[in-house]
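Colleague: Sequence and predicted model, in that order:
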Amino acid sequence: MRAKGHRPGTPKAAPRDDVALYVSQLPSYVFGPRATMWWGTFGVIAIEGMVFALAAASYFYLRSHAREWPLGVPPPELSWGMVNMAILAVSTLPNHWTKRAAEQHDLRKVRIGLTVCVAFALAFLVVRIFEFRSLNVGWDTNAYGSIVWLLLALHTAHLLTDFVDTAVLTVLMYTGPIEGRRYADVADNAVYWDFVVLAWIPLYFIVYWAPRL
Amino acid sequence: MSLPAQAAATLHRTWSDPPGVRGWFSALDHKTIGRRFVIAAFGFFVAGGLLAATMRLQLAFPEMKLVGPDLYNQVFTLHGTTMMFLFAVPVMLAMAIYLVPLMIGARATAFPRMTAFAFWVYVFGGLSVYIAFFLGSGPDAGWFAYVPLSGPEYSPGKRSDFWAQLITFTEVSGLLVSIDLITTILKHRAPGMTLARMPLFVWAILVTCLMILFAMPAVMMASTMLILDRLVGTHFFNPADGGSALLWQHLFWFFGHPEVYFIFIPGLGFLSMIIATFARRPIFGYPAMVLALIATGFLSFGLWVHHMFAASIPELAKAFFTAASMMIAIPSGVQIFCWIATLWKGRLNFATPLLFVLAFFFILVLGGLTGVILASTALDLQVHDTYFVVAHLHYVLIGGAVFPLFGAFYYWYPKMTGRMMDERMGRWNFWLFFVGFNVAFYPMHHLGLAGMPRRIYTYAAESGWGPLNLLSTVGAVMVATSVLLFIVNAVKSYRHGAPAADNPWGASSLEWATSSPPPPYNFALPPVVSSREPLWVPHHPSRPPHVTGLALDTRESLVTTAIDAVPDSRDTSPDPSHWPFTAAVALSIMFIATIFTPWGLVWGSIPVTIALIGWFWPRREETERHLALEKRP
């Protein structure tokens, strides 16, 4: 147990005494797993990861009961999917650059980094529209169409959330009010971004390559 | 050592919920939200109970004409849905929202606005399904809504859609509360409260919430697919176009079986707290108890297929799931023996909470025995879909969760209200409930073996099921009287009960270290812990007795490390705000709109997004207060 005994306190804090555990010198915000917000973010990631896993399991369940796969339609076109995979992969670079800038409390770099990230988010959202069009199947064609649309739509919902989150943070970092913990928010946003990109890797293979196996 | 009066007044002002109507909708105190949550869940319990009473009256005699088949279908569906989704899970989480911060010496939960939001979402979801019911659109495909019955072909109209959206409402709420509680438990424990010193109720809630994170997404996925099949013509569950009806059952029970355990495990937590207090000694075998809780949590994910033995499943899978279902008896048995050992070695104080706990043993063991029967594929096929299953599930759920819950109500009522409940009425409440429950549900075993199927709205006199059904209805009337007595007791004691001391039962955990009811800030001087029973074992002399140095004029709290609970940083709890309520309204509009048109999702998401941004956006005044206290990591 550290932090005992006399320390200078802020006038607005509770009175200190000789025996109590004095805590006002502790940091008022922290990064990563030390922070409550990181745990909150991770809880959301656990839930959404489970949602993706269940959607993938449903895909293979339906596939295992089908006489052919995909059901009477050609598999999705590969080109737009590859383009977007590349955009998502490259987007992790500005994302991590921004995270480091946030950990260093470098407001100028954070602003630049977030702006670049928003541009990336816009790019993958636009390309995503073309991905839907290259699926070669409607959601109401058959169960195969339903499940690939579901997989792609679930992930798109995450892209959209990520875009809105990042855009709001970007505006906030330009207009304020800013305090230290906003940098921790930027870092947590980057963690979530990583999740959205990482989750796409298995989903990408399921949507585009599983019908070709 | 206590806080000077002026400092205490400042602290009181800082942590109080704001006054007025707007303030009422902006409240964030975990005790306020927890209390509202418990009352709302209890309200749904009474509603579900009235539906049950309707069914029992209808079945009291052969060929009764009280309700017709269509209404009966809605009544049993809404009864099951209410009890599982609107009462059992929420009431446990609600008790945890109230109790966990007090038990771990914290001033608030980690995300108070999210808790408030979850509460409002839950209330709106519950109300929406009841409004639909009163408008003649109550769901009618059973509480697990099997396809194809609940699908577009066999359930036209909006009944199943209301059911599916109710699931979305309650699961959003349950998931958010779980994130909040997990973070609170791992990051806001009092310094010195290592994981190995955590009260068993807090352990139970931690395990429950982790299970919720991994189980609830399955039913949300299922209900989303169902509503998509019904609304936009997808084919997830339509075998004619490559879909599968069994997919529904897998997804539903992948959630549904763990759900039984996240109703049951908090009940085990209540038990451990109450037994220790009324046996006046620490729980025997604490490490075994914790490991058994964790093992139950894990194993409960390997049982779901035993709900589907009557479906076409590979034989090997059936054997596996039979074995897994038998295995869960091991951790359950470990806990029961630890409690018996505790009671055996203790000096018992037979107050009402302990009576409810002792009834748990009797009823749950009976429910467990029929559970072992149902876990065997061969026997299961014989009694599948009969009243035997109805008897089993009520013995398990009421014995495992509702009896401990009533014990918990009596036990923590003085802490929540500052008054004791009436003990004499408590005994009447208990004995009527205990006897009435067995009279109501025991005969159902025999009815099931005699072949009476569940979910039938009436039966012929020649079946010979009349006498036992009448007996069962008599029992149901006793249970209803007992619940009424409880309500009278709770309301009367709130005004006229004997004033409660801080620790009226002589318990060992931290919630009893503060006043009854606790002040808005919970603890004037946040405690430091040096043992598993902080109120029984003298504080270690070399350890500081409490925390100081947190701000008085801002909602500041201490964050500790996840395992050892070493002070690590300070956090500020958000100020009261109408945004959680506003965002819940926006989300509810979106959910209900999507019952009628897919565009509800598109247009409905705009106000939701605006509300969430408004919620997040920091206020200048608040930021300045934070900056005054800021210390970089």
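Modeller: Sure thing, it's come through.
Colleague: and B:Ile182, how many neighbours does it have?
Modeller: For B:Ile182, the neighbour count with other CB atoms under 10 Å in any protein chain shown is 23. (Glycine included, C-beta is placed from N, CA and C.)
Colleague: no, scratch that, I was asking about B:Ser542
Modeller: 7.
Colleague: Report pLDDT for the nearest residue to A:Leu21 once chain neighbours are set aside.
Modeller: Counting by CB to CB, 6 or more residues apart in numbering or on different chains, A:Leu21 lies nearest to B:Pro544, which is 4.1 Å off, once chain neighbours are set aside. We have a pLDDT of 89 for B:Pro544.
Colleague: Residue 49: which element?
Modeller: No chain was given, so I picked chain A. helix A:36-64 (DSSP states H and E).
Colleague: wrong one, chain B
Modeller: Per DSSP H and E: helix B:30-59 holds B:Gly49.
Colleague: again, but for B:Ser569
Modeller: B:Ser569 belongs to strand B:567-572, assigned by DSSP H and E.
Colleague: Can you list the strands that that strand pairs with?
Modeller: Strand B:567-572 has the following strand partners under DSSP bridges: strand B:556-560 (antiparallel).
Colleague: Please give the number of neighbouring residues around B:Pro75.
Modeller: Careful, residue B:75 is Val; it's not Pro. B:Val75: 21 surrounding residues under other CB under 10 Å.
Colleague: That one contacts B:Ala53, correct?
Modeller: No - with contact defined as CB atoms under 8 Å, B:Val75 does not count as touching B:Ala53 (10.0 Å).
Colleague: Am I right that B:Glu533 sits in a strand?
Modeller: No - looking at B:Glu533 with DSSP: H, G, I helix; E, B strand; the rest coil, it is coil, so not inside a strand.
Colleague: need the contact list for it.
Modeller: Taking CB atoms under 8 Å, 6 or more residues apart in numbering or on different chains, we find B:Glu533 in contact with B:282, B:508-509.
Colleague: Check the gap between it and chain A for me.
Modeller: 19 Å (CB to the nearest CB, to the nearest Å).
Colleague: Now that residue: phi and psi?
Modeller: phi -120, psi 80 (degrees, to the nearest 10).
Colleague: my guess is B:Leu231 meets B:Trp599, correct?
Modeller: No - with contact defined as CB under 8 Å, B:Leu231 and B:Trp599 do not form a contacting pair (10.6 Å).
Colleague: now the longest helix seen in chain A against helix A:36-64, angle please.
Modeller: Across chain A, the longest stretch assigned as helix under DSSP state H is helix A:143-175. Between the axes of helix A:143-175 and helix A:36-64, defined by axes from the mean of the first three to the mean of the last three CA atoms, to 10 degrees, the angle is 160 degrees.
Colleague: list the helices and strands helix A:143-175 packs on?
Modeller: Where contact means 3 or more CB pairs under 8 Å, 6 or more residues apart in numbering or on different chains; DSSP states H and E, helix A:143-175 is packed against helix A:36-64, helix A:107-133, helix A:181-204, helix B:200-231, helix B:599-616.
Colleague: Buried ones in it, by neighbour count?
Modeller: In terms of neighbour count (16 or more other CB atoms under 10 Å in any protein chain shown), helix A:143-175 has its buried residues at A:143-152, A:154-156, A:158-159, A:161-170, A:172-173.
Colleague: returning to that earlier point: any idea of the angle the helix holding A:Gly49 forms with helix A:181-204?
Modeller: For helix A:36-64 against helix A:181-204, the angle by the same axes, to 10 degrees is 10 degrees.
Colleague: can you count the residues close to residue 86?
Modeller: Chain wasn't specified; assuming chain A. 12.
Colleague: my bad, the chain I had in mind was chain B
Modeller: B:Leu86: 28 neighbours (other CB under 10 Å).
Colleague: Over to B:Arg13?
Modeller: Look at B:Arg13: counted by other CB under 10 Å, it has 12 neighbours.
Colleague: Briefly note if the strand or helix carrying it comes near chain A.
Modeller: Element membership of B:Arg13, judged by DSSP H and E, is helix B:5-15. Yes - using CB under 8 Å from any CB of the partner chain, helix B:5-15 reaches chain A at B:7, B:11.
Colleague: Please identify the buried residues of that helix?
Modeller: For helix B:5-15, a neighbour-count test (16+ other CB under 10 Å) marks B:8, B:10-11, B:14-15 as buried.
Colleague: Kindly report the same for stretch B:69-85.
Modeller: Residues of stretch B:69-85 classed as buried: B:71-85 (neighbour count, 16+ other CB under 10 Å).
Colleague: Tell me which of those residues fall in helices.
Modeller: Assigned to helices by DSSP H, the following of the buried residues of stretch B:69-85 qualify: B:71-81.
Colleague: Which pLDDT value goes with A:Met1?
Modeller: pLDDT, A:Met1: 38.
Colleague: ok, and the closest non-adjacent residue to residue 41?
Modeller: You didn't say which chain, so I picked chain A. Nearest to A:Thr41 is A:Asp188, by CB to CB, 6+ apart, at 4.9 Å.
Colleague: that answer is for a different chain, and I need it for chain B
Modeller: Excluding the flanking residues, the one nearest B:Ala41 by CB to CB, 6+ apart is B:Val91, at 3.7 Å.
Colleague: ok, that neighbour to B:Met83 distance?
Modeller: B:Val91 sits 10 Å away from B:Met83, taking CB to CB, to the nearest Å as the criterion.
Colleague: Would you mind grabbing the residues shared as contacts by those two?
Modeller: With CB under 8 Å, 6+ apart, B:Val91 and B:Met83 have common neighbours B:Phe45.
Colleague: who are the neighbours in contact with residue 52?
Modeller: All of this refers to chain A. A:154-155, A:199, A:202-203.
Colleague: nope, chain B please
Modeller: B:79, B:476.
Colleague: Over to A:Asn142?
Modeller: Contacts for A:Asn142 (CB under 8 Å, 6+ apart) come out as A:71-73, B:235, B:241-243.
Colleague: For it, report the pLDDT, please.
Modeller: On pLDDT, A:Asn142 comes in at 95.
Colleague: Let me know the average pLDDT across the strand holding B:Ser569.
Modeller: 94.
Colleague: Lowest-scoring secondary structure element of chain A by mean pLDDT?
Modeller: When each helix and strand of chain A is scored by mean pLDDT, DSSP states H and E, strand A:21-22 comes last, with a mean of 88.
Colleague: just checking, what packs against that strand?
Modeller: strand B:547-548.
Colleague: What pairs with the strand it packs on, parallel or antiparallel?
Modeller: strand A:21-22 (parallel).
Colleague: Tell me which residues touch the residue lying closest to B:Leu226 once chain neighbours are set aside, please.
Modeller: Closest residue to B:Leu226 apart from its sequence neighbours, by CB to CB, 6+ apart: B:Ala164 at 5.0 Å. Residues near B:Ala164 by CB under 8 Å, 6+ apart: B:145, B:223-224, B:226-227, B:230.
Colleague: What is the most widely separated pair among those residues?
Modeller: Among those, the pair separated by the greatest distance (CB to CB) is B:Ala145 and B:Thr224, at 12.8 Å.
Colleague: Quick check on these two: which one has the bigger neighbour count.
Modeller: Using other CB under 10 Å as the criterion, B:Ala145 and B:Thr224 rank with B:Ala145 on top: 26 against 21.
Colleague: Please, which helix or strand holds the more buried one?
Modeller: Judged by DSSP H and E, B:Ala145 forms part of no helix or strand.
Colleague: Would you check that it makes contact with B:Trp163?
Modeller: Yes - at 5.7 Å, B:Ala145 counts as touching B:Trp163 under the criterion of CB under 8 Å.
Colleague: nearest spatial neighbour of B:Thr54, skipping sequence neighbours?
Modeller: Leaving aside its chain neighbours, B:Thr54 sits nearest to B:Val75 (5.5 Å; criterion: CB to CB, 6+ apart).
Colleague: Cool, thanks, signing off.
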